[in-house]
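A.B. asks: Structure for the following, please:
(2 chains)
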Amino acid sequence: MLNLMLYGVLPYLAIGSFFCVSVVRYLKMPFTFSSLSTQFLESKQLFWGSVPFHIGILTLFAGHLVGFMFPRAVMAWNGMPVRLLILETAAMIAAFLALVGLTALIVRRVGSARLRANTTVMDVLVYLTLLMAIGTGLWVALAMRWGSAWYTHTLVPYLWSVFKLNPDVQLMVDMKLPAQLHVISAFLLIGVFSFTRLVHAFVAPLPYLWRPPQQVIWNRARREPQAHD
Amino acid sequence: MDVRSQVAMVFHLDKCIGCHTCSIACKNVWTDRKGAEYMWWNNVETKPGTGYPTRWEDQQQYKGGWERDGKLVKLRALDKVRGAVTVFHNPALPTIDDYYEPFTYTYEELFTAAEGADQPVAKPISMITGKPMNIEAGPNWDDDLGGSPVYAANDPNLEALTPEERQQMFDVEKLVMFYVPRICNHCANPSCVAACPSGALYKRGEDGIVLLNQERCRAWRFCVSACPYKKTYFNWSTGKSEKCILCYPRLESGQAPACFHSCVGRIRYLGVLFYDADKILDAVNVPDSELVEAQRRMILDPFDPEVIAAAKERGIGDDVISAAQRSPVYKFVMEWKLALPLHAEHRTLPMLFYVPPMLPVQAKVGDYGYDTSVEGFLGSIDQARLPLKYMAKLFGAGNEAPVRYALRKQLAVRHHRRALQACDITPEQAQALLTEADCDMEQADAIHRLTAIAAFEERFVIPPMHREEAIELLDDDTLAAKGSTGIGFREGPQRGP
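C.D. replies: Down below sits the predicted model:
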């Protein structure tokens, strides 16, 4: 029963909240749809937290996504031990960057009176869920070698079964404890995502790359000049 | 020709007495809120001085504005590639310590303190943490050269002067200062708008006011570093940027903005300028020394039939055209060429212009004494206590010519009025000075009238914005909307739990 709750129900709650709450929040509460930047209150330490954390976590996210979308390609890549080592080393570096960055961010926030005064319950929740996800992920990487090799044919099928609305709970029950914890913490993170400051990932400023530099907005439609002969 | 209408401004620095009434009017209306305590959308700073935030003019540090890059101009703070890296940590962003940590006092302790041998005191407490703090900076910390030479000597504009000239400025006999009130310049080529990753900042088409949509602002903070005047501010509590909105709700009901309305010295003028949006790039992509002139070329003559026809084609109403023709700003900037943009070298085409201050012109001659002969009655521009080079760094993008022109004309007008009123200068002497300053008696009288006599309707020619009843449209209690920003704000500026 517990297994069904954790691996059969939790994923749907998490994914449901991830998408539905995000959309509702984006439309109904656009004012809150961002991260509350604290660089204005403390800048120096932020550099050593924010930069490694973001680089690490984005690399990890991309890696997990590629493994999930293209498991065969990852398996083919891992066909040679050297390439497996390269992939695992890169992943490990990213994990350490994310962990070191997150730790620096937590230390910074706890250490600064200004930041403590500007910290919400949700910020603590973000730190806890991220710490859990990264911590269990590292545990998996260290205790269950080589993750990139077995992930593609044990966990990915489970994830696909979730997306096909037919969750294969037994696949997860058969996994070792670190992997189980990692999956649970990942779904917890996805579940709280849209309630927290993490939503700023949804509004990452990619459109800036192609928008014109100046924006002029008319309240009423502007009259275009008539063509002259 | 792409005619745009802009509500533009002139500040007459020769009239500014540095009373800060404008700042207080603005503070009470707009920034008396949590997270905004440190913000002064309107501030008045003493020059020479480091200003607010400290050394805001130092673009080596803050990377504001644009720079030339071949056929184009580009943002100093970021291009699209660098932006992808600095989005996680913006190295050019000022922190709250560059402004000051807002504080209040524990006034209630004066009433509640237990009886004792000592007088109770109100201790300063931080408005961020609520804890006791030592006040190390505050608004106008270097007001009236307070803290000199520490502050005044660190003015970035002094780079234009030689060490001897700097030394002379701080001689007791020559000590000099003036005030620069600053609000958002509502630029025609705003770098804050161009830098905003979310596209939250925009220029309002009808009147050119630069606004920030807080529902689209995602707290990337690039506007703060991109504005060379540091006139966008980050609210650390709501996580949104904020800026001067030129009191558009007041303008829409025919009132002058709060800082304009409350100005004791009546230094402020507001009116419409027409400019050609097709010429924006031409106006910014020239060497520094030509920037003032290039910006003037962009501004259109509202009496020119071609301009009027082009404006009508763009749907600009007759009332607005008439307002543009009566605009005091057009007179100061274009007809008389008295008003100049502040730090034009950042290429944002500011639409707030300053008449450079003339007084005190009278300077020490030789080692002691003043020239009190009739010829040197009001002194000469080149012997002014404020070196022309320093003024040129502020108002001429380094070029002394437009500043000298504006000062000379003001001086000639003053002689002209002196000849009429006090009669201690002959009309011939005054006339000679006027001719030398490219001015005639008619113009001199017009300048005198708008400078010294003009009443409300002449100083503020507000185009009809036809929104007089906008606030009535709100079904909310208007008092309940206090602390929120502008009309149409449906939820309070809180971030939730």
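A.B. asks: drop to CA atoms for contacts and neighbour counts, all remaining ones
C.D. replies: Noted.
A.B. asks: Which residues does the lowest-mean-pLDDT helix or strand in chain A contact?
C.D. replies: Lowest on mean pLDDT, DSSP states H and E among the helices and strands of chain A sits helix A:147-150, with a mean of 82. Residues from elsewhere that reach helix A:147-150 (Cα atoms under 8 Å, 6 or more residues apart in numbering or on different chains): A:G67, A:V74, A:M75, A:N78, A:L84, A:L87, A:E88, A:V140, A:A141.
A.B. asks: The same query, at a cut-off of 7 Å, please.
C.D. replies: A:M75, A:N78, A:E88, A:A141 (Cα atoms under 7 Å, 6 or more residues apart in numbering or on different chains).
A.B. asks: Redo these as TSV? Include secondary structure, neighbour count and pLDDT.
C.D. replies: TSV is the format used below for those (DSSP: H, G, I helix; E, B strand; the rest coil; neighbours: other Cα atoms under 10 Å in any protein chain shown; pLDDT from 0 to 100):
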residue	secondary structure	neighbour count	pLDDT
A:M75	helix	18	87
A:N78	coil	18	86
A:E88	helix	19	92
A:A141	helix	19	91
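A.B. asks: between the residues you listed, which is nearest chain B?
C.D. replies: Checking these against chain B with Cα to the nearest Cα, the nearest one is A:E88 at 24.8 Å.
A.B. asks: gap between the closest one and A:G147?
C.D. replies: When distance is defined by Cα to Cα, to the nearest Å, A:E88 is 8 Å away from A:G147.
A.B. asks: Around chain A, which positions in the stretch 51-200 of chain B sit nearby?
C.D. replies: Taking Cα under 7 Å from any Cα of the partner chain as the criterion, the stretch 51-200 of chain B approaches chain A at residues B:K80, B:F88, B:H89, B:P94, B:T95, B:I96, B:I128, B:T129, B:V193, B:A194, B:P197, B:S198.
A.B. asks: I meant to write the stretch 301-450 of chain B there.
C.D. replies: B:E313, B:R314, B:G315.
A.B. asks: from those, which single one is nearest B:R404?
C.D. replies: B:R314 (37.4 Å; Cα to Cα).
A.B. asks: Do I have it right that that closest one meets A:W218?
C.D. replies: No: using Cα atoms under 7 Å, B:R314 is not in contact with A:W218, being 11.9 Å away.
A.B. asks: on that earlier part again, out of the residues of the stretch 301-450 of chain B next to chain A, grab the one that's most surrounded.
C.D. replies: B:R314 (18 neighbours; other Cα atoms under 10 Å in any protein chain shown).
A.B. asks: How confident was the prediction at it?
C.D. replies: B:R314 is assigned a predicted lDDT (pLDDT) of 85.
A.B. asks: so where is the chain shaky, pLDDT-wise?
C.D. replies: Since you didn't name a chain, this refers to chain A. A:219-223, A:225-229 (pLDDT under 70).
A.B. asks: wait, chain B
C.D. replies: For chain B, residues meeting the criterion pLDDT under 70 lie at B:148, B:173, B:359-379, B:465-494, B:496-497.
A.B. asks: domain assignment for it?
C.D. replies: Following automatic domain parsing, chain B resolves into domains at B:12-91+B:139-252, B:258-459.
A.B. asks: Any idea how many residues pack against residue 99?
C.D. replies: In the absence of a named chain, chain A is used. Residues within reach of A:L99, counting by other Cα under 10 Å, total 22.
A.B. asks: Can you look at chain B instead?
C.D. replies: With other Cα under 10 Å as criterion, B:Y99 counts 20.
A.B. asks: Surely it touches B:G51?
C.D. replies: No: with contacts counted by Cα under 7 Å, B:Y99 stays clear of B:G51, the gap being 9.3 Å.
A.B. asks: Can you give me every residue that contacts B:V307?
C.D. replies: By Cα under 7 Å, 6+ apart, the contact set of B:V307 is B:L300, B:D301.
A.B. asks: let me fix that: B:F460
C.D. replies: B:A256, B:Y269, B:L270, B:G271.
A.B. asks: of these, closest to B:I321?
C.D. replies: Here the nearest of the contacts of B:F460 to B:I321, counting by Cα to Cα, is B:G271; it sits at 11.0 Å.
A.B. asks: any idea which element that closest one lies in?
C.D. replies: Using DSSP states H and E, the element containing B:G271 is strand B:268-276.
A.B. asks: How about the next helix or strand after that strand, which residues are buried there?
C.D. replies: Next in sequence after strand B:268-276, counting helices and strands by DSSP H and E, comes helix B:280-284. Neighbour-count burial for helix B:280-284, with 16 or more other Cα atoms under 10 Å in any protein chain shown as criterion, is recorded at B:I280, B:D282, B:A283, B:V284.
A.B. asks: by how many degrees do the next helix or strand after helix B:280-284 and strand B:268-276 diverge?
C.D. replies: Per DSSP H and E, the first helix or strand lying C-terminal to helix B:280-284 is helix B:291-298. Relative orientation of helix B:291-298 versus strand B:268-276 (axes from the mean of the first three to the mean of the last three Cα atoms, to 10 degrees): 70 degrees.
A.B. asks: So what touches helix B:291-298?
C.D. replies: Helix B:291-298 is contacted from outside by B:Y275, B:D276, B:K279, B:I280, B:A283, B:V284, B:M334, B:A344, B:L349, B:G396, using Cα under 7 Å, 6+ apart.
A.B. asks: For the residue nearest to B:K337 when sequence neighbours are not counted, identify the helix or strand it belongs to.
C.D. replies: Nearest residue to B:K337, sequence neighbours excluded (Cα to Cα, 6 or more residues apart in numbering or on different chains): B:A406, at 6.5 Å. Following DSSP H and E, one finds B:A406 within helix B:400-421.
A.B. asks: so who does the residue in the stretch 351-497 of chain B that chain A sits nearest to touch?
C.D. replies: Distances between the stretch 351-497 of chain B and chain A by Cα to the nearest Cα are smallest at B:R495, namely 5.7 Å. B:R495 makes contacts with A:T32, B:T238, as judged by Cα under 7 Å, 6+ apart.
A.B. asks: So B:A160 sits against B:Y390, correct?
C.D. replies: Yes: contact criterion Cα under 7 Å: B:A160 and B:Y390 qualify, at 6.2 Å.
A.B. asks: Need the three-state assignment for the closest residue to B:P228 other than its chain neighbours.
C.D. replies: Using Cα to Cα, 6+ apart and skipping residues adjacent in sequence, the residue nearest B:P228 is B:G64, 3.9 Å away. Three-state call for B:G64 (DSSP: H, G, I helix; E, B strand; the rest coil): coil.
A.B. asks: gap between the nearest residue to A:L6 once chain neighbours are set aside and A:M172?
C.D. replies: Distance criterion Cα to Cα, 6+ apart; nearest residue to A:L6, sequence neighbours excluded, is A:I184 at 6.9 Å. Counting by Cα to Cα, the separation of A:I184 from A:M172 is 10 Å.
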